[in-house]
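> here are the coordinates; sequence isn't available:
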């Protein structure tokens, strides 16, 4: 038995150990099993290498690297194919944006050269993206968002937000050039400055929910006075964004000062109390059923987007001399229950672990940029959570290449609903939008720059906007508080007024 053959078997087993849970060494010929097992036992580094890449399955920036490695090691999949064909088995690697499927039934074929497997190895319905070269029909640009054909309007029709397969369509008219909407589906705009949250004038009031689905709920808090109680949300984790105001938040882990532009992560069931020091305060709160995590940064490195060194965590500050009665309100299933203590519950004298309250300010985020091509919103991911991605848009130089698009491209965002909260600055891609407003673009209909922004894009050299975007995997519903402050004619803002 040749060393080359054993190496091929062994690397295949290492690579697919996570990809196919029911994959076993027994699928190799009996003669080769001892050599394969011996090789695997001395291959910890290879296991760790491939395991690291498989663990990056949620990372849109590293998946392309992983896919290239998969393609480079197709030879080992072919070794495997010879022995799992009789079982009619399909091995799937979930690290890819699309599952890497070994087709069933598999074909036996000879070892090829460096050009990769023949096209016949991938039958119709294949799901590996690298096996399908992009097709071009008619008048198109050579690259997305660059050098559009004269008189055309580019649309990105994509899947899985901006992480999946996509096609670019070149229209003779703007995809948002509609003149009428019928039915419930339409773009929404809300002036959240007008939303009457219950805590604006009542210290015992609560934030107002205005959008939501089964994964996330969005609230506005306008709290102008310190909370006279402590609060514990057992329904989900919270991401609290400070649009206006400053003060302090007391938590089980200790206090944190907050200011405009802060993102504060509050894990599920943490007890806390907001103590604003200003009167005009505005908090956008995103509640999620799962944790808010930092994004995988892949090829950009751990210091990209924001260096973990700028994250702030609280120091214990127990209030041991406060023996007044304190109320703790606990939210479960959107209902409040109350516990009363004869002492201040902020009595933690120390803590350790990797679960805590933490914060980062928007000014510490360093946006990823390209001077030659317009990057998709996914490049600006700040947090990920189950069923949603949160991005931050910040001032940056616009693309310098004469052929590059400088405004957001038209897209349908087929699998996600897109929420955008306008925090500060000049939102030149949208007309009649000011700070404190928000938009919701549901799946199925286009959105993109307004006509004036598209016409004037070459006159701008940089953006001057701060915004928070949330892409929701499941349809986001408008709640009564949102309906009360909706600009119903927002869909008309794309209509040419000339």
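Structure's in. What do you need? Bear in mind that the values here come from a model prediction, so they are computed numbers and not experimental data.
> quick one, strands of the stretch 301-450 of the chain?
With DSSP state E, counting those that start in this stretch as the criterion, the stretch 301-450 of the chain has strands at 326-332, 335-341, 358-361, 381-385, 388-393, 396-397, 410-411, 417-426, 437-441.
> and of those strands, who's closest to residue 189?
strand 437-441 (5.0 Å; Cβ to Cβ). Just so you know, the C-beta spots here come from the backbone N, C-alpha and C atoms, and that holds for glycine as well.
> tell me the mean pLDDT over stretch 299-307?
Averaging pLDDT along stretch 299-307 gives 81.
> Let me have the strands of the stretch 301-450 of the chain in CSV, extended by distance to residue 480, mean neighbour count and mean pLDDT.
Below are the strands of the stretch 301-450 of the chain laid out as CSV (distance: least, Cβ to Cβ, whole Å; neighbours: other Cβ atoms under 10 Å; pLDDT from 0 to 100):
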stretch, distance to residue 480, mean neighbour count, mean pLDDT
strand 326-332, 19, 16, 98
strand 335-341, 18, 11, 97
strand 358-361, 31, 20, 97
strand 381-385, 25, 22, 92
strand 388-393, 22, 24, 92
strand 396-397, 37, 14, 70
strand 410-411, 30, 22, 70
strand 417-426, 17, 21, 91
strand 437-441, 15, 24, 93
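> out of the ones you listed, which comes closest to residue 245?
Comparing the strands of the stretch 301-450 of the chain by Cβ to Cβ, strand 417-426 comes nearest, at 12.8 Å.
> Neighbouring strands - and their directions - for that closest one?
Paired neighbours of strand 417-426 in the sheet (DSSP bridges): strand 437-441 (antiparallel), strand 462-472 (antiparallel).
> looking at those, which is closest to residue 380?
Residue 380 lies closest, by Cβ to Cβ, to one member of those: strand 462-472, at 7.7 Å.
> hmm, back to that, turn the strands paired with strand 417-426 into JSON lines, columns for distance to residue 486.
Below are these laid out as JSON lines (distance: least, Cβ to Cβ, whole Å):
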{"stretch": "strand 437-441", "distance to residue 486": "9"}
{"stretch": "strand 462-472", "distance to residue 486": "17"}
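> And these: which comes nearest residue 325?
Of all the strands paired with strand 417-426, it is strand 462-472 that lies closest to residue 325, at 37.6 Å by Cβ to Cβ.
> In JSON lines, list the strands of the stretch 301-450 of the chain along with distance to residue 156.
Listed next are the strands of the stretch 301-450 of the chain as JSON lines, based on distance: least, Cβ to Cβ, whole Å:
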{"stretch": "strand 326-332", "distance to residue 156": "39"}
{"stretch": "strand 335-341", "distance to residue 156": "43"}
{"stretch": "strand 358-361", "distance to residue 156": "30"}
{"stretch": "strand 381-385", "distance to residue 156": "17"}
{"stretch": "strand 388-393", "distance to residue 156": "16"}
{"stretch": "strand 396-397", "distance to residue 156": "20"}
{"stretch": "strand 410-411", "distance to residue 156": "4"}
{"stretch": "strand 417-426", "distance to residue 156": "13"}
{"stretch": "strand 437-441", "distance to residue 156": "14"}
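> Out of these, which is closest to residue 303?
Taking Cβ to Cβ, strand 358-361 is the member of those nearest to residue 303, at 13.5 Å.
> Please enumerate residues in contact with that closest one?
Around strand 358-361, the neighbours that count as contacts under Cβ atoms under 8 Å, 6 or more residues apart in numbering are 256, 258-259, 261-265, 306, 310-313.
> Just name the closest of those residues to residue 203, please.
So of the contacts of strand 358-361, ranked by how close each gets to residue 203 (Cβ to Cβ), first place is residue 258, at 17.9 Å.
> Now do the same contact list for the closest one.
Each residue near residue 258 by Cβ under 8 Å, 6+ apart is listed here: 242, 245-249, 264, 359.
> What separation do you get for it and residue 472?
Separation of residue 258 from residue 472 (Cβ to Cβ, to the nearest Å) stands at 25 Å.
> repeat for residue 223
Residue 223 sits 25 Å away from residue 472, going by Cβ to Cβ.
> just residue 270 next, same as before
Taken as Cβ to Cβ, the span from residue 270 to residue 472 is 24 Å.
> Show me which of the two is the more surrounded one.
Between residue 270 and residue 472, counted using other Cβ atoms under 10 Å, residue 472 has the larger neighbour count: 25 against 19.
> Now that one: closest residue in space that isn't a chain neighbour?
With Cβ to Cβ, 6 or more residues apart in numbering as the criterion, residue 472 has its nearest non-adjacent residue at 4.7 Å, and that residue is residue 417.
> what's the distance between the one you found and residue 297?
Counting by Cβ to Cβ, the gap from residue 417 to residue 297 is 26 Å.
> just residue 359 next, same as before
Computed with Cβ to Cβ, the distance linking residue 359 and residue 297 is 19 Å.
> And residue 446, by the same measure?
Using Cβ to Cβ, we find residue 446 at a distance of 30 Å from residue 297.
> Also residue 286?
Relative to residue 297, residue 286 is positioned 21 Å away (Cβ to Cβ).
> Please say which of those two ends up with more neighbours.
Higher neighbour count among residue 286 and residue 297: residue 286, with 26 against 18, using other Cβ under 10 Å.
> I'd like to check which residues are in contact with the more buried one.
Contact analysis of residue 286 by Cβ under 8 Å, 6+ apart lists 216-219, 238-239, 241, 388, 390, 470.
> Whichever of the contacts of residue 258 end up buried, select them in ChimeraX.
Selecting only the buried entries of the contacts of residue 258 in ChimeraX, with 16 or more other Cβ atoms under 10 Å as the criterion:
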select :242,245,247,249,264,359
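> Return the subset of the contacts of residue 258 lying in helices.
Residues of these located in helices (DSSP state H): none.
> Now for the contacts of residue 258: which two are most distant?
Farthest pair in the contacts of residue 258 (Cβ to Cβ) is 245 and 359. Separation: 14.2 Å.
> Distance-wise, check the closest residue to residue 326 other than its chain neighbours relative to residue 191.
Ranked by Cβ to Cβ, 6+ apart and with sequence neighbours excluded, the top spatial neighbour of residue 326 is residue 341, at 5.1 Å. For residue 341, the distance to residue 191 equals 40 Å [Cβ to Cβ].
> still on that earlier bit, export the contacts of residue 286 as CSV, with columns for distance to residue 291.
Output for the contacts of residue 286, formatted as CSV (distance: Cβ to Cβ, whole Å):
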residue, distance to residue 291
216, 12
217, 15
218, 17
219, 18
238, 11
239, 10
241, 17
388, 12
390, 12
470, 15
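> Looking at the residues you listed, which is nearest residue 435?
Distance to residue 435 across these (Cβ to Cβ) is lowest for residue 241, with 12.7 Å.
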